[in-house]
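**Student:** coordinates for the following, if possible.
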Amino acid sequence: MQGTEDTGPAGERAGAPAAARGPGDLAPGQDPAHGQDAARTPDDQAHRPGDRDPRAQRDRAHQQGDAAARTPDDQAHRPGDPAAAHPHEDHGPVRYGPPAPDPGLPVLPELAAVLAAASARTRPEPPGGGPVLREAARGYWDRRGLHGSAGGIAAAPGAQPLLLALIGAHGGDVLMPRPCPAAWMPQARLLGRPAYHVPTPAECGGIPDPYALLETVRRVRAEGGRPKLLLLSVVDDPTATVAPPELVREACEAAVGEGLHIISDETWRDTVHRPRDTVLLSPAEMCPDDVTVIADLSGALAPAAWPVAVARFPDTPRAAVRHARTLDILTALGALVAGPVAHAAAHALGEPDSVRDRIRRAAALQTEVAAAAHRAVLGSGALARPPQAGRHLYADLGPLRSRLADLGVRDSMELEEYLTDRLGAPAPGGHRFGDELGALRVRLGTGPLLGATPQQQTESLAAAKPLELPHVARALDGFAAVVAELR
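**Tutor:** Numbering: from 1, shown residues only. All right, here's what the predicted structure looks like:
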């Protein structure tokens with residue numbers, strides 16, 4: 001889809017602004033000021049030997065961080081709110097990063113009862129999770145065709161500490177698609193690992209274009225880098241797309257052929273809107289020895305307030321070593337799953353009838369509401385791929401640049417501030433996900449459209465025609481009015 005492909009050269013350093021180019025300029029990936037390959041641009045890292053102007057490069061590397069520092073705390077500031085009078089407070093890009101899209105639904109009562117029954121547990125789980133939790137995760141993946149043993153499972157209190165431990169257990173540089181989940185880049189930065197964005201294909205987000213991946217690996221190695229790890233997500237945040245199996249296969253074959261290990265984030269796989277019509281291929285199905293799969297249960301199984309994520313390692317001697325390293329890092333971090341949360345997580349991973357029914361109903365509800373929001377976005381003249389999963393969509397408002405400029409919106413940071421205020425809900429800009437600051441892209445959540453109270457949300461979940469409910473219709477009308485103002 002036009003307007004949502006990569007905005008910079010293949011191999012651009014994650015977090016570094018893309019270099020503008022015109023006819024006769026330097027080759028793709030080179031800095032117009034110094035002729036340096038964009039893949040070498042440092043991002044809060046030590047400079048590689050041969051950098052010509054470290055101070056200038058450091059200034060460029062901090063431009064996006066400074067921009068993110070201007071971003072408010074992803075909370076809706078109503079006009080007249082004292083916080084709205086100071087929208088450019090010094091808010092860092094990590095601490096004030098956007099939350100995952102809100103499900104907009106109350107906690108499943110059965111799951112809340114399970115957690116309450118375990119509330120007397122005072123000890124956390126051992127590093128990587130206890131046997132009950134790990135066995136439940138093994139069964140969860142086994143039902144999805146990813147067979148293995150409970151000994152190859154690791155659990156952590158959320159996807160961020162788990163991903164941090166996984167990256168730490170692997171050596172070398174990290175590659176990831178552009179755009180990518182907002183939580184990925186900070187983990188590599190915290191570990192001091194060089195990270196590089198790779199363009200995605202036109203059809204979807206979440207996976208790298210295989211040819212761009214090969215070119216990025218070549219460039220990074222030519223500059224002395226050591227690309228070792230590829231992060232991808234076949235069901236993607238922020239684009240809400242599902243990668244076609246043939247593209248997944250091509251990207252994985254390219255990665256494994258270059259000696260990269262793949263971490264496949266499958267947090268959103270159970271939120272696919274039309275599972276009967278969508279073919280979902282996990283990279284672990286085609287490259288079982290070269291893929292570690294992770295899933296944050298907040299995607300479809302548990303509320304984000306109960307942080308727990310699980311990883312499934314390949315059944316190989318090398319993976320066993322990395323599994324042990326991951327547990328060491330989780331231990332050092334004190335990243336242990338709380339006992340009551342582990343009990344509820346194991347119940348959810350077991351997928352009793354009530355959990356399966358909630359997953360199915362939530363996906364069906366989002367199918368209707370996200371499609372309506374998508375129609376409103378297209379009606380405004382903006383661009384967006386049809387949402388296929390999750391509770392969000394990723395819109396490109398580039399065609400509305402002239403009108404937005406009249407409103408004082410010139411980049412994705414200002415777009416985030418404007419839409420967050422107008423919608424009354426977080427609307428993180430594309431710069432949060434690695435897109436260029438100048439690109440007017442934004443992730444729009446659909447959870448807030450389901451109702452303002454648990455009663456309304458439950459009514460939405462049970463309705464055969466949720467778009468006809470008064471509170472959903474009003475929310476969609478308000479959403480459509482905000483985006484229509486931008487025409």
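**Student:** and the pLDDT at Arg21?
**Tutor:** Per-residue confidence (pLDDT) for Arg21: 34.
**Student:** let me fix that: Ala100
**Tutor:** 88.
**Student:** which parts of this protein are strands?
**Tutor:** Here the chain has its strands, by DSSP state E, at 153-156, 173-178, 195-199, 227-232, 261-265, 291-296, 309-312, 383-384, 392-396, 441-445.
**Student:** can you check which of the ones you listed gets nearest to Ala371?
**Tutor:** Across the strands of the chain, Ala371 has its closest neighbour in strand 392-396 (9.4 Å, Cβ to Cβ). All C-beta atoms are positioned from the backbone trio N, CA, C, and that covers glycine.
**Student:** avg pLDDT for the closest one?
**Tutor:** 98.
**Student:** where exactly do the helices run in the stretch 151-300 of the chain?
**Tutor:** 159-169, 184-190, 210-222, 245-257, 283-286 (DSSP state H, counting those that start in this stretch).
**Student:** show me how far the last one is from its chain's centre.
**Tutor:** Centroid separation for helix 283-286 versus its chain: 20 Å, with Cα atoms, centre = their mean, to the nearest Å.
**Student:** kindly export that helix (C-alpha atoms) in CSV.
**Tutor:** Output of helix 283-286 as CSV, limited to C-alpha atoms (Å, rounded to 0.1, in the frame of the first residue of the first chain):
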residue,chain,number,x,y,z
PRO,A,283,8.5,-18.9,11.4
ALA,A,284,9.1,-21.8,13.9
GLU,A,285,7.0,-24.1,11.6
MET,A,286,9.4,-23.7,8.7
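**Student:** surely Arg193 and Ile167 touch.
**Tutor:** Yes: with contacts counted by Cβ atoms under 8 Å, Arg193 reaches Ile167, the gap being 6.3 Å.
**Student:** list the residues that contact both of these two?
**Tutor:** Residues touching both Arg193 and Ile167 (Cβ atoms under 8 Å, 6 or more residues apart in numbering) are Val174.
**Student:** for Ser264, give the beta-bridge partners.
**Tutor:** Leu232, Val293 (DSSP bridges).
**Student:** tell me the spacing between it and Ala243.
**Tutor:** According to Cβ to Cβ, to the nearest Å, Ser264 stands 10 Å off from Ala243.
**Student:** would you turn the strands of the chain into TSV with distance to Glu416 and mean neighbour count?
**Tutor:** Shown next, in TSV, are the strands of the chain (distance: least, Cβ to Cβ, whole Å; neighbours: other Cβ atoms under 10 Å):
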stretch	distance to Glu416	mean neighbour count
strand 153-156	29	28
strand 173-178	18	26
strand 195-199	19	27
strand 227-232	23	25
strand 261-265	23	25
strand 291-296	23	24
strand 309-312	26	26
strand 383-384	16	22
strand 392-396	12	26
strand 441-445	6	28
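**Student:** distance to Tyr418 added to the ones you listed, as CSV?
**Tutor:** Below are the strands of the chain laid out as CSV (distance: least, Cβ to Cβ, whole Å):
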stretch, distance to Tyr418
strand 153-156, 36
strand 173-178, 23
strand 195-199, 25
strand 227-232, 30
strand 261-265, 30
strand 291-296, 29
strand 309-312, 33
strand 383-384, 17
strand 392-396, 13
strand 441-445, 9
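**Student:** thinking again about what came up before, list residues touching both of Ser264 and Ala243?
**Tutor:** Val234.
**Student:** not counting its neighbours along the chain, what's nearest the most centrally placed residue in the chain?
**Tutor:** By Cα atoms, centre = their mean, the chain has its centre lying nearest to Pro181, at 2.2 Å. Among residues not flanking Pro181 along the chain, Asp237 sits closest, at 5.0 Å (Cβ to Cβ, 6 or more residues apart in numbering).
**Student:** ditto for Gly129
**Tutor:** Gly129 sits nearest to Ala155 (Cβ to Cβ, 6+ apart), 3.2 Å away.
**Student:** I figured that neighbour hits Pro307, correct?
**Tutor:** No: counting by Cβ under 8 Å, Ala155 stays clear of Pro307, with 10.5 Å between them.
**Student:** what do these two both touch?
**Tutor:** Val337.
**Student:** what's the neighbour count on Leu260?
**Tutor:** Counted with other Cβ atoms under 10 Å, residues neighbouring Leu260 total 22.
**Student:** OK, contacts around it?
**Tutor:** Counting by Cβ under 8 Å, 6+ apart, Leu260 has contacts Leu175, Val217, Pro227, Lys228, Leu229, Leu230, Asp290.
**Student:** could you redo those as CSV and give each row pLDDT and distance to Leu486?
**Tutor:** Output for those, formatted as CSV (pLDDT from 0 to 100; distance: Cβ to Cβ, whole Å):
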residue, pLDDT, distance to Leu486
Leu175, 98, 34
Val217, 98, 39
Pro227, 98, 40
Lys228, 97, 43
Leu229, 98, 39
Leu230, 98, 36
Asp290, 98, 44
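**Student:** between the residues you listed, which is nearest Ala332?
**Tutor:** Leu229 (19.8 Å).
**Student:** can you pull the contacts of that closest one?
**Tutor:** Leu229 touches Ile167, His170, Gly172, Asp173, Val174, Leu175, Leu260, His261, Ile262, Ile263, counting by Cβ under 8 Å, 6+ apart.
**Student:** so which of the strands of the chain gets nearest Ile207?
**Tutor:** Between these, strand 227-232 lies closest to Ile207; by Cβ to Cβ that is 4.8 Å.
**Student:** low-scoring stretches of the protein, by residue?
**Tutor:** 1-96 (pLDDT under 70).
**Student:** how about a cut-off of 80?
**Tutor:** Counting by pLDDT under 80, the chain contains low-confidence ranges at 1-97.
**Student:** and the top helix by length along it, what does it pack onto?
**Tutor:** Longest helix in the chain, counting residues (DSSP state H): helix 353-379. With contacts defined as 3 or more Cβ pairs under 8 Å, 6 or more residues apart in numbering; DSSP states H and E, the packing partners of helix 353-379 are helix 109-117, strand 383-384, strand 392-396, helix 454-462, helix 470-484.
**Student:** any idea which of those is most buried?
**Tutor:** strand 392-396 (a mean of 26; mean count of other Cβ atoms under 10 Å).
**Student:** what sits up against that one?
**Tutor:** 3-4, 101, 179, 205, 237-240, 370, 373-374, 377, 382-385, 387, 430, 439-446.
**Student:** if we use 7 Å, what do you get?
**Tutor:** 3-4, 101, 238-240, 370, 373-374, 377, 382-385, 387, 440-446 (Cβ atoms under 7 Å, 6 or more residues apart in numbering).
**Student:** tilt between that strand and helix 353-379?
**Tutor:** 20 degrees (axes from the mean of the first three to the mean of the last three Cα atoms, to 10 degrees).
**Student:** hang on, the earlier thing: for Asp406, state which of the contacts of Leu229 is nearest.
**Tutor:** Among the contacts of Leu229, and counting by Cβ to Cβ, the member closest to Asp406 is Leu175, at 38.8 Å.
**Student:** okay, and the beta partners of the closest one?
**Tutor:** Tyr196, Leu230.
**Student:** next up, the contacts around the spatially closest residue to Ala255 that is not a sequence neighbour.
**Tutor:** Nearest-residue entry for Ala255: Leu230, 4.7 Å, with adjacent residues in sequence omitted and distances by Cβ to Cβ, 6+ apart. For Leu230, the contact set (Cβ under 7 Å, 6+ apart) comprises Leu175, Ala255, Leu260, Ile262.
**Student:** please report how far the spatially closest residue to the last one that is not a sequence neighbour lies from Pro314.
**Tutor:** Read it as Ile262. Sequence neighbours aside, Val291 is the residue nearest to Ile262 in space, at 4.6 Å (criterion: Cβ to Cβ, 6+ apart). According to Cβ to Cβ, Val291 and Pro314 sit 7 Å apart.
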